[in-house]
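Participant: With the input below, show me the fold.
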Amino acid sequence: MVGSVHAGDAETALLEARTVFARRPKVHSLWVAPEDAVVDLTQEELANFEPPIADGADESWQVFRKTSQRRSMTFVDWVGEVVANSAESAIQAAITQFSDKKTVWAWLVVPTRALACSDDDDIESWFAPAATKTYKQQSQYGFVGKLRKGRSNNE
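Facilitator: Numbers count the residues shown, from 1 in each chain. So this is what the prediction gives:
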């Protein structure tokens, strides 16, 4: 996960995500979900986490975790899938199944039924053009300053 978009439906959200996030190379798929379908717990919330007794039906949940505090973007990695009967139970299963030596700042789970994804047939047309584009970090651009005396705007 690298960020969010605002859209009225899943198809528009995918197109917006492509425009905003697929300008960089190495994109091979996009997944979007409504904000209210994403459930997360931070490191602090995990300290007091007690999974409730859930009475829902088991379903598939996609699991993501944030292992970086990088400020420039929100990088959250997909780590796998669990089956659980609630978001809280899915997070507990994720902690058990996907914990390793990395520090996890937040766990996120999304019911698979809430996701909309790009199609494999779209890979070439949606993402291949970005492979030849260069991406510069903001710090790589120069600063606009005063023109030096003696130089015209045409030089």
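
Participant: low-scoring pLDDT stretches of the protein, where are they?
Facilitator: 1, 23-26, 51-55, 70-74, 129-155 (pLDDT under 70).

Participant: which stretches of this protein form strands?
Facilitator: Taking DSSP state E as the criterion, the chain carries its strands at 31-32, 39-42, 59-66, 77-84, 106-111, 116-117.

Participant: Tell me which of those sits most buried.
Facilitator: Among the strands of the chain, ranked by average contacts under mean count of other C-beta atoms under 10 Å, first place goes to strand 106-111 (a mean of 23). Glycine gets a C-beta too; all of them are placed from N, C-alpha and C.

Participant: who does that one pair up with?
Facilitator: Strand 106-111 pairs in its sheet with strand 39-42 (antiparallel), strand 59-66 (antiparallel), by DSSP bridges.

Participant: rewinding a little: to residue 97, which of the strands of the chain lies closest?
Facilitator: With C-beta to C-beta as the measure, strand 77-84 is the member of the strands of the chain nearest residue 97 (6.2 Å).

Participant: what lines up beside that closest one in the sheet?
Facilitator: Applying DSSP bridges, strand 77-84 is found paired with strand 59-66 (antiparallel).

Participant: Tell me how far the partner strand lies from the chain's centre.
Facilitator: Here strand 59-66 is found 12 Å from its chain centre; the criterion is C-alpha atoms, centre = their mean, to the nearest Å.

Participant: ok, the nearest residue to residue 84 once chain neighbours are set aside - how many residues close by?
Facilitator: Counting by C-beta to C-beta, 6 or more residues apart in numbering, residue 90 is the residue found nearest to residue 84 once chain neighbours are left out, at 3.9 Å. Around residue 90 there are 28 other residues, counting by other C-beta atoms under 10 Å.

Participant: Renumber starting at 635 from here on
Facilitator: Renumbered: residue one is now 635, and that last one reads residue 724.

Participant: re earlier: looking at the strands paired with strand 740-745, which is nearest to residue 655?
Facilitator: Among the strands paired with strand 740-745, strand 693-700 comes nearest to residue 655, with 15.1 Å by C-beta to C-beta.
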